[in-house]
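Asker: I'd like to go over a predicted model; first the sequence, then the structure.
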Amino acid sequence: MSAVLHAHPESGPALGVANTGKARRVLSDAGMRGRWWRFALILAITAIVLIPIMVTVILALTPAPNSTTTGLTLENITGVFSKTLAGVWLQNSLITTLSTVVVSVAVAAPAGYVLSRGRSKAVSGYSLLLFVMQSLPIITSVVPLFILFAAMGLVDNLMGLTIIYVGSTMTVATWMMAAYFDSIPISLEEASWIDGCSVFGSFTKVVLRNSLPGVLSTAIFAFLLAWNDYLVAIVFLRSNEIFTLPMGVQSFFQQNLTDWSGVMALAVIMMLPPIIVFAALNKYFSVGGIGGSLAGR
Amino acid sequence: MSSTTAPSGLARARKGLAPGGSGGGARNRKSKLSAQTSRTFFWLLLPSVILLVLIHGYPLFQAGVQATHDGNLIQTGDFVGIENFQQVLASPAFWKAAQFTLLFTIVGVFGSWAVGLGLALLLRTKIPAGGTFKVLLLLPWVVPIVVSSTAWNWLVATPDSLIPSIFRNLGLGTPLFLADPTLAAVTVMIFKVWVSFPFMMMMTSAALASVDSTVYEAANMDGASRFQQFTQITLPLIARSTYISWILMTIFCVNDFPTIYLLTGGGPVDATTSLVVLAYRTVFQDFATGPGVAIAFLMTITLVIVSVILYRQIRKSSVE
C-alpha cells in the first residue's frame, strides 16, 4: 500500500483532485488483491497445520476395516464406549480437571490479590519463589511425591492426582490473577474501606466481583493443564478403572495391533472439551496475561 | 478543640470525609487498616504457601536426600554423598541427552517464535475471516498432546503411513521419520514447533496490538520500507514481550516430556532422549532412583540459577 502511495510523488499537488481519486482507486484495487492473496496464503497454512487434527476426526468417523457400514459413521465412538472403559476415563478426567480448576482458582485468587497489593519484601520474595518453582521440571518432585503419596494411599487415586495438578497450576495461576488485579484501580477498594468494609470484605465484594475475566482466564489455563497432563498420570495411575483419558488413549498402543478407529474415536472425545471451553471462552483468555504478569511485577 | 469557627470546622469535616485524606481521623483509620491488612494478607496467602511447601518445597528437599542416597522407590538406602552425581556426570548418555535437550530447546524456542511472529504479522493485516483463522490456528496448542501425537504417529510412524507413502509416490524414497535417528530428532522438533507456535502467536499478537499505529504512518511519511519498519519499529517495540515469550518457551521446552515421549519414546537408540525422558526412564524403567533424581536435580539447579537471573532481567527491563 505504501508503495502505491509513494509511486506518484512527481504528480505533485498541482494536478489536484482528479488525480487523488485515481490514486485512491489504484490503492484500493491493490489493497483488495493483497487481501485475497493473503487470504489464500493463510488458508493454505491453516489447512496444512490442521492436517493431524482433520486426520483424527476423519478416521474417527470412518468405519473400521472390519465394519460393514459405509460412509461416515458414529459407530467407532459408540463402540469405544461399549468396548472399553472410555465412559469411566472421561468421568475420571472430568472429575480431576474440574476439581483442579476450582481449587486452583480458590488458592490463586487470594494469593494473587496479596501479590498485586502487597508492597513488602516478603511479598516480592514470594513472587520470585513462585517463578523459580514453576520453572523446575515436574519430574524432580514426582519421585519424592510418589513415595510420600504411596505411604498415604494417594497413588492410583484421583485425589492424589488433583493435589499435584493444583500444585503445578497454582504458580502461573497466581500470577495471572495478580496481573488481572493490577488492572483494577485501588480507589474502588479505598472507597469500600471508607464505608467500613474490611480488607477481606473489599477483596471478595469489590475486587473479586469485578474479576470475572481474570478468573475465567485462570480457570481455562488450569483446565488445559490438568486435562492435557500425561507425565503425572503415567507415574501415579496404575489400574484401568482409575485411568484418565490420556492413559486411556495410550492403552490402545499396548496391544500388538493398534485399533486406529478406536483410538481416534477416543482421541476425538478427548479433544472436544478443551476445544469447546476454548471456543466458548476464547475472548477471556489472554496468554499475554501470563507474560504481562511477569513483566508487571 | 476549643470553639471552632464554622469555615475551619467545615474544612476539617471535608478532610475527614475525603477518601485517603490526611485528617487526624483518616490517619488513625489508616494505621488500623494497615495492621488489619497484614493480618488479612497473611490469611489470604496461607493456602498458597501450604501448597507450595507440600507440592514443591518438601519434594525438592526429599529429592536432595534421594539424590545423595542409594536406594529405590520403596526405601531410601545408605548415604552415598555425591556418588550418584559423579556417576551421572561420567555417563555418555547424560551428555548425549543434555546435547539433545539443548538443540531441542533452541529449535523449539526460535522455530515456534519465527512461525508465530510470521502468522501474527499476517493476521494483523486485513484478511477476510481473519478472526476465524486466528482461532483455528490455536488448535495445535489447545488439543492435548496425547491426541496430536497419536495423529502424528498415524501420519509418519511406519513406512506405509500417509506421509512416507506420499514421498514414495513422488519418487523421493521412503523416509523413516521415526526409525532413522537423525530424521526422528528432526521430526520431534517439527512436532514441538507445531505444538508451540500458537502460544508464540498469541503472545506476539497481544504485543502487536499494543503498538500505536500512528508510528507507522510517520514512518511511511519518511519513506521507510516495509522491512525497515519491521526491523526498526516493530521488533524493538515488542522486544520485551518477545524476551518474556522466549524465557517461558525455554522453560517449557527444557521441561517437556509428553511431546518427545509420546512420539518416539526417546528412541531410536536414544536419539531423541532429553534429560527429562532420561530421568523418567532411569527412575521408572531402570529403577535407579538415586541417579535418576540426580539428573532431575542437576536440571533443577541449572534452572534455578537461570530463572533467578532471567527474573531479575525481566524486572529490570520493566522498570526502565
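Answerer: Perfect, I can see it now. Numbers count the residues shown, from 1 in each chain, chains lettered A, B, ... in the order given.

Asker: For the stretch 51-200 of chain A, which residues score under the pLDDT cut-off?
Answerer: Along the stretch 51-200 of chain A, the model assigns pLDDT under 70 to no residue.

Asker: which element is residue 60 on?
Answerer: Since you didn't name a chain, this refers to chain A. helix A:51-61 (DSSP states H and E).

Asker: Chain B was what I was after
Answerer: helix B:58-67.

Asker: Keeping just the C-alphas, turn that helix into CSV.
Answerer: Extracted C-alpha coordinates of helix B:58-67, given in CSV (Å, rounded to 0.1, in the frame of the first residue of the first chain):
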residue,chain,number,x,y,z
TYR,B,58,9.1,-30.8,50.5
PRO,B,59,9.7,-32.9,47.3
LEU,B,60,12.6,-30.7,46.4
PHE,B,61,14.2,-31.3,49.8
GLN,B,62,13.4,-35.0,49.5
ALA,B,63,14.9,-35.1,46.0
GLY,B,64,18.1,-33.7,47.5
VAL,B,65,18.0,-36.6,50.0
GLN,B,66,17.4,-39.2,47.4
ALA,B,67,20.0,-37.9,45.0
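
Asker: Could you see whether chain B lies near whichever helix or strand A:Ile139 is part of?
Answerer: Using DSSP H and E, A:Ile139 sits in helix A:138-152. Yes. Helix A:138-152 reaches chain B (C-beta under 8 Å from any C-beta of the partner chain) through A:Ile138, A:Ile139, A:Thr140, A:Ser141, A:Val142, A:Val143, A:Pro144, A:Leu145, A:Phe146, A:Ile147, A:Leu148, A:Ala150. (C-beta placed from N, C-alpha, C; glycine too.)

Asker: Determine the number of other residues adjacent to the closest residue to B:Gly64 other than its chain neighbours.
Answerer: Excluding its sequence neighbours, the residue lying closest to B:Gly64 (C-beta to C-beta, 6 or more residues apart in numbering or on different chains) is B:Phe297, at 6.7 Å. For B:Phe297, the neighbour count with other C-beta atoms under 10 Å in any protein chain shown is 23.

Asker: what does B:Phe252 give?
Answerer: 19.

Asker: State the mean pLDDT of the host helix or strand of it.
Answerer: Using DSSP H and E, B:Phe252 maps to helix B:239-254. Helix B:239-254 carries an average pLDDT of 86.

Asker: Distance of whatever residue of chain A ends up closest to chain B relative to B:Phe85?
Answerer: Chain A approaches chain B most closely through A:Gly167 (2.7 Å), counting by C-beta to the nearest C-beta. Distance, A:Gly167 to B:Phe85, by C-beta to C-beta, to the nearest Å: 26 Å.

Asker: more crowded one of those two?
Answerer: Counted by other C-beta under 10 Å, A:Gly167 and B:Phe85 do not tie: A:Gly167 has more neighbours, with 25 against 18.

Asker: Would you tell me what helix or strand that one is located in?
Answerer: Here A:Gly167 sits within helix A:158-182, counting by DSSP H and E.

Asker: how about the next helix-or-strand element following that helix against chain B, any contact?
Answerer: Heading C-terminal from helix A:158-182, the first helix or strand you meet, by DSSP H and E, is helix A:186-194. Yes. Using C-beta under 8 Å from any C-beta, we find that helix A:186-194 touches chain B at A:Ser187, A:Glu190, A:Ala191, A:Trp193, A:Ile194.

Asker: now for the helix or strand just after helix A:186-194, which elements pack on it?
Answerer: Following helix A:186-194 in sequence order, the next helix or strand is helix A:199-202 (DSSP H and E). Other helices and strands packing on helix A:199-202, by 3 or more C-beta pairs under 8 Å, 6 or more residues apart in numbering or on different chains; DSSP states H and E, are helix A:186-194, helix B:24-51.

Asker: in the helix or strand that comes right after helix A:199-202, what's buried?
Answerer: With elements assigned by DSSP H and E, the helix or strand that comes after helix A:199-202 is helix A:212-228. Residues of helix A:212-228 classed as buried under the neighbour-count rule (16 or more other C-beta atoms under 10 Å in any protein chain shown) are A:213-228.

Asker: What about chain B: which of these touch it?
Answerer: A:Leu224, A:Trp227, A:Asn228.

Asker: show me the contacts for the last one.
Answerer: For A:Asn228, the set of contacting residues under the criterion of C-beta atoms under 8 Å, 6 or more residues apart in numbering or on different chains consists of A:Pro246, A:Pro274, B:Pro144, B:Ile145, B:Val146, B:Pro258.

Asker: Which two among these are spaced furthest apart?
Answerer: By the measure C-beta to C-beta, A:Pro274 and B:Pro258 form the most distant pair in the contacts of A:Asn228, at 14.6 Å.

Asker: before we move on, back to that, pLDDT and distance to A:Asp259 added to the ones next to chain B among the buried residues of helix A:212-228, as CSV?
Answerer: Converted to CSV, these look like this (pLDDT from 0 to 100; distance: C-beta to C-beta, whole Å):
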residue, pLDDT, distance to A:Asp259
A:Leu224, 89, 27
A:Trp227, 93, 23
A:Asn228, 90, 23
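
Asker: Am I right that A:Leu130 is in a strand?
Answerer: No. Counting by DSSP: H, G, I helix; E, B strand; the rest coil, A:Leu130 is located in no strand; its state is helix.

Asker: Wait, it touches A:Met176, no?
Answerer: No. Using C-beta atoms under 8 Å, A:Leu130 is not in contact with A:Met176, being 11.3 Å away.

Asker: if you count what's nearby, which of these two comes out ahead?
Answerer: Each of A:Leu130 and A:Met176 has its neighbours counted (other C-beta under 10 Å); A:Met176 has more, 30 against 24.

Asker: Does the more buried one touch A:Val105 like I think?
Answerer: No. Applying C-beta under 8 Å as the test, A:Met176 and A:Val105 come out as separate, 9.8 Å apart.

Asker: tell me, what's touching the two both at once?
Answerer: Counting by C-beta under 8 Å, 6+ apart, the shared contacts of A:Met176 and A:Val105 are A:Thr218.

Asker: Show the pLDDT at the nearest residue to B:Ala288 once chain neighbours are set aside.
Answerer: Computed as C-beta to C-beta, 6+ apart, the closest residue to B:Ala288 that is not its neighbour in sequence is B:Thr282, at 5.2 Å. B:Thr282 is assigned a pLDDT of 90 by the prediction.

Asker: how many neighbours does B:Thr282 have?
Answerer: Neighbours around B:Thr282, by other C-beta under 10 Å: 23.

Asker: Could I get the buried residue list for stretch A:109-125?
Answerer: In stretch A:109-125, counting by 16+ other C-beta under 10 Å, buried: A:Ala109, A:Pro110, A:Ala111, A:Gly112, A:Tyr113, A:Val114, A:Leu115, A:Ser116, A:Arg117, A:Gly118, A:Val123.

Asker: From one end of it to the other, what's the distance?
Answerer: Its start and end residues considered, stretch A:109-125 measures 18 Å (C-alpha to C-alpha, to the nearest Å).

Asker: So what touches it?
Answerer: Here stretch A:109-125 has contacts from A:126-127, A:170, A:173-182, A:186, A:203, A:207-208, A:211, A:215, A:218, A:297, B:41, B:43-45, B:47-48, using C-beta under 8 Å, 6+ apart.
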